[in-house]
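Visitor: Pasting the sequence and the predicted coordinates here, then a few questions.
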Amino acid sequence: MGEAEKTFISGLHEKLVEDKVIDESQLEPDFAKEIVKHGGKDVMTCLQCGNCTGVCPISLKIDYKTRSIIKFCQFGLKKFTLETRWVCATCYRCYEHCPADINPAEVMIALRHIAIKEGVIPPFIRMAAMTLVNYGQSIKPDPEIERVRRELELEDMPSRNPEFAKVVREINLLIRSTGYDKLIGIESEVKK
Amino acid sequence: MSSPEPLGENDAERPQEPRRKTSQAPRIGVFVCHCGSNIAGTVDMPKVTEAVEKVPGVVVAKENKYTCSDLGQDEIIKAIKENDVDRVVVAACSPRMHEPTFRSCIKEAGLNPYMLQMVNLREQCSWVHSREKEKATEKAADLVKMGIAKAARLEPLEAREVPVEQSSLVIGGGVAGIQAALDLAQMGFKVYLVESEPSIGGRMAQLDKTFPTGDCAICILAPKMVELSRHPNITLLSYSEVEDVTGFIGNYDVKIRRKARYVVEDKCVGCGECADACPVKVDNKFDMGFGKRKAIYVPFPQAVPLKYTIDRENCIYFKTGKCKSCVKACANEAIDHEMEDEIVDVKVGTIICATGFDIYVPMKRGVYKYWEYQNVITGLELERLLNASGPTGGHLIRPSDGETPRRVAFIQCVGSRNKKIGTDYCSRVCCMYSMKNAQIIKEHEPDTEIAVYYNDIRAFGKGFEELYHRVREEYGIEFIRGRPAKLSENPETNSITIRAEETLLNKITEREFDLIVLSTGLKPSEGSLKIGKILSLSLSPDGFFMEAHPKLRPVDTAVEGIYLAGCAQGPKDIPDSVAQAKAAAASAASIMSGKKVKIEPLTALVDEELCIGCELCVDMCPYGAPEMVESEKGTRARIVEALCHGCGTCVAACPQKAIKANQFTDEQIASEIVSALEGEDGATGEERKASKKAEEA
Amino acid sequence: MTQYTYFFGCIIPNRYPGIEYAVRWVCGKDGFDLDVEDIKEFSCCPVPGIFYSSDKNTWLLLAARNLTLAQNERREILTVCNGCLTSLLKATEYLADPKNLGKVNRVLSQIGRKYTGIPRKTEGRRRIMEPVKVRHYVDVMTNDIGLEEMAEKTKRPLKNISAAVHYGCHYLRPTENQTIDEPNDPVKIDRIIETCGAASVDYEDKLDCCGAGGGVRSHVVELANSLTEDKCRNIAEAGADCIVTGCPFCLLQFDNAQKSFTKEGIPVMHVSQFQALAMGIDPISLGFDTHHVSAHSFLRKLRGT
């Protein structure tokens, strides 16, 4: 299955071999609380039934199982969850089936927040954010598509309108106000 | 009621309470309880004691580690005697448990037992404010002061005694109801057993064998059913429903509807000629729809009473006015299509509610495809398929083609332990019945491959763990820890593939089976909601009936004289149901053997002078306690004390303020409120108002 | 009559202008003639997989800004994208919490905006506010217009076409509190397909994810594509002529991913494009040439009718 498998499967296994025994020094006791703070539900109520893994389209493909990620969270094995976070497709099927009513997808989102805070920021986040602060949208305009738009007699993209500069200014201000630019390291792109 | 006599009991040895002059100022004793660290862990007890000591009227204030203990009670008695205390405030836990304790304690010291005011410092203070110790202490002191204010206005009351009817009503003819009825009958009490189905036996009669020992269910139940039907003290009212219950402990009036079974019970000998003649075949509910029965039927061969019943919905005569094949076949002329429902009134002293459970029905369009795939069945359906007197004579088949399944999977916790669908509780029997059924399947067909998909195994009872061990060791049952996520059917073979994470392997597995058994959980029976309303019983969050105390009064309900037995109170297995039935019978007997029972005097009272006879109280009362009587002054309301629960609805509703509730009079409640609003300076609202007026003047 | 404002999001205008054309045509004079306007100051919703996933405060602010625009026009937002739907709908739920609302409005005041919701009625002197309504295109079609009217407008029933519907996860589960269809058994797009005279074919794992969501496509495209491959295999087995979806992001994934595992591929289109075809639009206006998987096979079969 190519690159993805290598990155996501071997990563964990090598680590487990290194740390044969998990001792207390590797655990973050308040990790479950940290997840709640970032909008996830309490992972301690998880029964570890594995229903989430069974319905998860991603778990079918890679060795990270939804249930086992929740187990890492219960244990406080924060570092084991570090790279797992951006493989959730947020399809919410796990939520639909969870008998403990946890919503594992929102836990994954909380884990992403924690990862971002820790500086583990995947490049596409920066890319999309930079496009947003420049064009007010998350996708760059494509000249070829703009040609088709004209053929179809659709109006030009609002971002081509000089008045749209005001929108971009507002967005830059909002992004600055939360410190998001600093958080993901795009300060230089954000206009004052 | 105006009599200042103490608790009406012919107990000459007890020192009678010395009569006090009404003008004498109240002498209040306050006893503050630590409840170990339950209260003292949060509330600063010495501070509370100190704060209340100075309140006018308080002559003694003490704290105690456990006031309910022997030592604690002795201290109260001692303090009452030493300080000539005439009323007592106990600041401890909820009155639910220990109010009776302290009532008898102060009675022992010579006081009227109703001269007691309890203040709840535990449930209503320390437990809910455990993180705010200072504020909790402040609140505790305020609560005690309120209690003192009310105590100063307490009046002595007298409990009345009423005779107890020496008979009992048992609702539900499952194993719990049967056992309770037999025990009571054995002790000499008259029992009326009401069962809504044509036969008693309940769910247990449907089972094949019982775990963990493997006894045949009907073989051990049938003798009890027969014994019950022959017992001279028991009146069996099958195919009947309780319509209405009024009255109170010792004196319940019960209205029972005997549904028309269109067969005269006295004439029917159970020969079955009528069923042979009946041309209508329908699904047998008792066989979970697998077997067939006629429109005139007994649900199963061992039915008690062995009397036939016509199923009106399917009988041709009731549809077309023609047929009567059964009438022609019956030599005893027992069949009467013109029969009508009959209402029977009985009077009983106690009631045992044993309404049992229903099986959770898997969701339509749910993950487990119960409604879509024929080869997905429930645990109870499997019981019928394994049962020698079941539709297949005990031969396990796949519903799709009648073949013997070679690979069988059990899926645990269907309809249990699932917050999503509101069944948070464990049904307690599914783990064991699945193991038992797995063993039976293996005994029938040793080559069958069996897997159990489970989350946690609950093998907590006597002999349960041994069964868990046996099915793995001797029968090779495989246990897979994971909740199946997806079932898909092979359209050609109708076999079903289960996808699940084997959580202990951290792998997703897919395996094919011929038959899937959903270990469906237990839920409150459909009829229990109606019975609950009739009996005014409360429900636990899980929907089952709530016991009076989870540990110490597990078979009692909040309504005096009504007891719970079996799964009506919560899921349980047969041994637990029988044990609880025996306990309920013993509790009911202990009331009835006393011949008389005391009635709490915390009731409402009508002031005839103020009453205008508007009858609003009659409309409002949920218990039918007020009645209208003719007096010299005209038509006036009067409360039948024995019916009154002291809920206060009529008190609030009365436009004339003519009704007062004993121990919750307006004056008493107002005094608590005034005390609560008292300022830092200790001045009451009234005092402050007065001083303000004085200033203005 | 309900008043709407278009919310096309980022993907449709910048990648699939044909969808925009189709939606405007279906909702416009030639179609159902809805009262619907453009608000030119809308920005990105913002993308849940990026912003909701990385910082909820920023996400909420940007979403709230969009909501205020619709609020000031007193219009319901008509989204054509599952992502925009879930992002904006979730934001209205977050803003129902006064704590979040206060925090958001403090920042929004710096750009002269305020989210209040839309007043629905007055009780005494109090105005009862309602959150800005966020509606999915399919929801508006099936509930506000209705299947009967849709069937009436079907001028060219797509009789010999069998379509495989892909709902997309955020159509099924926009939030924990709200759904627009039955999450485990959705029917609305299937019904639209039927009113267009076509058949909706059932296929294995119909409700499975396309693979793209939640940043998976951006982060590990092979993983996303491998999920799409599974879906496409099931769809092909069912013998579908095209994939119809209500979400441009799922569409983009199906459209782009297929070239990684197949040469031909199954054409993918938005439900609005499918509808427009049945309502008699000239296929040339639907911008199929911007799609990666050629729609030729589909159009050829269509002409056969």
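Guide: Right, received. Where do you want to start? Residues are numbered from 1 along each chain as shown, chains lettered A, B, ... in the order given.
Visitor: So what's the residue count around residue B:451?
Guide: By the criterion of other CB atoms under 10 Å in any protein chain shown, residue B:451 has 20 neighbours. C-betas here are computed from N, CA, C, even on glycine.
Visitor: Oh, that last question was meant for residue B:208, not what I typed.
Guide: Burial of residue B:208 is recorded as 22 neighbouring residues (other CB under 10 Å).
Visitor: how far is the strand or helix carrying residue A:132 from where the chain is centred?
Guide: Assessed by DSSP states H and E, residue A:132 sits inside helix A:123-135. Mean-position distance between helix A:123-135 and its chain equals 14 Å (CA atoms, centre = their mean, to the nearest Å).
Visitor: Buried residues of it, list them for me.
Guide: For helix A:123-135, the neighbour count (16 or more other CB atoms under 10 Å in any protein chain shown) marks A:125-126, A:128-135 as buried.
Visitor: Enumerate the residues of chain B near chain A.
Guide: B:367, B:413, B:417-420, B:455-456, B:481-486, B:499-503, B:506, B:508 (CB under 8 Å from any CB of the partner chain).
Visitor: roughly how far apart are the residue of the stretch 51-200 of chain B found nearest chain A and residue B:42?
Guide: Nearest residue of the stretch 51-200 of chain B to chain A (CB to the nearest CB) works out as residue B:131 at 15.9 Å. Distance from residue B:131 to residue B:42, counting by CB to CB, to the nearest Å: 9 Å.
Visitor: between the two, who's got more neighbours?
Guide: The neighbour count for residue B:131 versus residue B:42, taken as other CB under 10 Å, is higher for residue B:42 (24 against 8).
Visitor: surely the more buried one meets residue B:122?
Guide: No: at 9.5 Å, residue B:42 does not count as touching residue B:122 under the criterion of CB atoms under 8 Å.
Visitor: Please name the residues that touch residue B:341.
Guide: With contact taken as CB atoms under 8 Å, 6 or more residues apart in numbering or on different chains, residue B:341 is in contact with B:257-260.
Visitor: from those residues, which ones fall inside helices?
Guide: Counting by DSSP state H, no part of these is found in helices.
Visitor: can those go into JSON lines with extra columns for neighbour count and distance to chain C?
Guide: What follows is the contacts of residue B:341, written out as JSON lines (neighbours: other CB atoms under 10 Å in any protein chain shown; distance: CB to the nearest CB, whole Å):
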{"residue": "B:257", "neighbour count": "18", "distance to chain C": "40"}
{"residue": "B:258", "neighbour count": "18", "distance to chain C": "44"}
{"residue": "B:259", "neighbour count": "17", "distance to chain C": "39"}
{"residue": "B:260", "neighbour count": "17", "distance to chain C": "42"}
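Visitor: want to throw the residues you listed into TSV with pLDDT?
Guide: What follows is these, written out as TSV (pLDDT from 0 to 100):
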residue	pLDDT
B:257	98
B:258	97
B:259	97
B:260	96
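Visitor: from those, which single one is nearest residue B:646?
Guide: Using CB to CB, residue B:257 is the member of the contacts of residue B:341 that sits closest to residue B:646, with 31.1 Å.
Visitor: Pull the contacting residues for that closest one.
Guide: By CB under 8 Å, 6+ apart, the neighbours of residue B:257 are B:240-243, B:341-344.
Visitor: and what of residue C:138?
Guide: Contacts of residue C:138 (CB under 8 Å, 6+ apart): C:171, C:180-181, C:188-189, C:192, C:246, C:271.
Visitor: about what we covered before: ChimeraX command to pick out the buried ones of the residues of chain B next to chain A?
Guide: Per 16+ other CB under 10 Å, the buried members of those correspond to this ChimeraX selection:
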select /B:367,413,417,418,455,481,482,483,484,485,486,499,500,501,502,503,506,508
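Visitor: Helices of the stretch 1-150 of chain C, start to end?
Guide: Under the criterion DSSP state H, counting those that start in this stretch, helices of the stretch 1-150 of chain C are mapped to C:11-15, C:17-27, C:53-54, C:56-72, C:82-95, C:98-108, C:137-139, C:147-153.
Visitor: Can you lay out the ones you listed as TSV showing mean pLDDT?
Guide: Shown next, in TSV, are the helices of the stretch 1-150 of chain C (pLDDT from 0 to 100):
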stretch	mean pLDDT
helix C:11-15	94
helix C:17-27	96
helix C:53-54	91
helix C:56-72	96
helix C:82-95	96
helix C:98-108	95
helix C:137-139	97
helix C:147-153	94
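Visitor: re earlier: ok, so of the contacts of residue C:138, who is nearest chain A?
Guide: Of all the contacts of residue C:138, chain A sits closest to residue C:171, with 11.0 Å by CB to the nearest CB.
Visitor: Touching, that closest one and residue C:139? I think so.
Guide: No: using CB under 8 Å, residue C:171 makes no contact with residue C:139, being 9.0 Å away.
Visitor: contacting residues around stretch B:575-588?
Guide: With CB under 8 Å, 6+ apart as the test, stretch B:575-588 has contacts from B:168, B:174-181, B:183-184, B:187, B:189, B:349-352, B:354, B:461-462, B:554-556, B:561, B:563-567, B:569, B:572.
Visitor: That stretch: how far from the chain's middle?
Guide: On CA atoms, centre = their mean, the centre of stretch B:575-588 falls 13 Å from that of its chain.
Visitor: now it: mean pLDDT?
Guide: For stretch B:575-588, mean pLDDT rounds to 97.
Visitor: cool, and stretch B:105-113?
Guide: If you average the pLDDT values across stretch B:105-113, you get 95.
Visitor: Mean confidence (pLDDT) on the helix or strand containing residue B:183, please.
Guide: Assigned by DSSP H and E, residue B:183 belongs to helix B:175-186. Mean pLDDT, computed over helix B:175-186, is 98.
Visitor: Give me the buried positions along it.
Guide: Within helix B:175-186, the residues scored as buried using 16+ other CB under 10 Å are B:175-185.
Visitor: swap in stretch B:340-349?
Guide: With burial defined by 16+ other CB under 10 Å, the residues of stretch B:340-349 counted as buried are B:346, B:348-349.
Visitor: Quickly note the distance from the residue nearest to residue B:66 when sequence neighbours are not counted to chain C.
Guide: Excluding the flanking residues, the one nearest residue B:66 by CB to CB, 6 or more residues apart in numbering or on different chains is residue B:72, at 5.4 Å. To chain C, residue B:72 is 47 Å away according to CB to the nearest CB, to the nearest Å.
Visitor: Contact partners for residue B:72?
Guide: Contacts for residue B:72 were tallied using CB under 8 Å, 6+ apart; they are B:31, B:33, B:64-66.
Visitor: Of the residues you listed, which is the nearest to chain C?
Guide: Closest to chain C, out of all of the contacts of residue B:72 and judged by CB to the nearest CB, is residue B:33, at 40.0 Å.
Visitor: By proximity to chain B, which residue of chain A wins?
Guide: Distances between chain A and chain B by CB to the nearest CB are smallest at residue A:54, namely 2.3 Å.
Visitor: roughly how far is the helix or strand residue B:385 falls within from the heart of the chain?
Guide: Here residue B:385 sits within helix B:379-386, counting by DSSP H and E. Chain-centre distance of helix B:379-386: 28 Å, with CA atoms, centre = their mean.
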